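Peer 1: structure for the following, please:
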Amino acid sequence: QVLARREVVAMNKVVHVQKINAAEAASGSGRSWHDDYSHSAYIFVGGLDNRLTEGDVIAVFSQYGEPVDINLARDKDSGTRKGFCFIAYEDQRSTRLAIDNLNGVKLLGRTLSVDHCADYKPPESDSDGEGPSGVGGIAPVAVSTSDEEEPDSVDLYLDQSKKKKDKKD
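Peer 2: Sure thing, here's the model as predicted:
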């Protein structure tokens, strides 16, 4: 019965966003309700199956842009997943695509509720550098504006390996 209630709440949110999109399309004003959230690249995703990992969620949501941060909510005591997360995209325009295309989609039998986050702040890291759930997320990456070519991951790996070898000697 609790699951049925969650499903109804999720569907109400989905229907609400769909009505906003339909009204916006009918008005032809050129202004989008998404514009009210242009300051945030974070989205809320609810209705996730508890078996999904951060990697699973990223695989689904990377269809619409490059996720740079994910916070899959977990119970502080048990570490079990709570069924929702927050995702940040490298480009804020990706939030619109994810919301418009994934809100209301069924994933593993659960209806996803995807919406903007107006004032989300990522949680502070613990002393070990991990998030509060004990699971590290994807760190945001600064976008380089220089024309210099950046090293690829193989170069970085070889560089790190050389440093470790030099320390042993």
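
Peer 1: for burial, what's the neighbour tally of residue 20?
Peer 2: 13 (other CB atoms under 10 Å). C-beta coordinates here come from the backbone N, C-alpha and C atoms, glycine included.

Peer 1: try residue 103
Peer 2: 24.

Peer 1: on the pLDDT front, check it for me.
Peer 2: In this model, residue 103 is scored at 92, pLDDT.

Peer 1: that one touches residue 111, doesn't it?
Peer 2: No. Look at residue 103 against residue 111 with CB atoms under 8 Å: they stay out of range, at 9.2 Å.

Peer 1: ok, residue 49 - how many residues close by?
Peer 2: 13.

Peer 1: so what's the residue nearest to it when sequence neighbours are not counted up against?
Peer 2: Nearest non-adjacent residue to residue 49, counting by CB to CB, 6 or more residues apart in numbering: residue 108, 4.1 Å away. Residue 108 makes contacts with 49, 51, 52, as judged by CB atoms under 8 Å, 6 or more residues apart in numbering.

Peer 1: format those as TSV; extra columns: pLDDT.
Peer 2: Conversion of these to TSV gives the following (pLDDT from 0 to 100):
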residue	pLDDT
49	94
51	93
52	94
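
Peer 1: out of the residues you listed, who's nearest residue 31?
Peer 2: Nearest to residue 31 among these: residue 52, at 34.7 Å, using CB to CB.

Peer 1: can you map out the helices along the chain?
Peer 2: Secondary structure of the chain by DSSP state H: the helices cover 2-27, 54-61, 93-102, 153-168.
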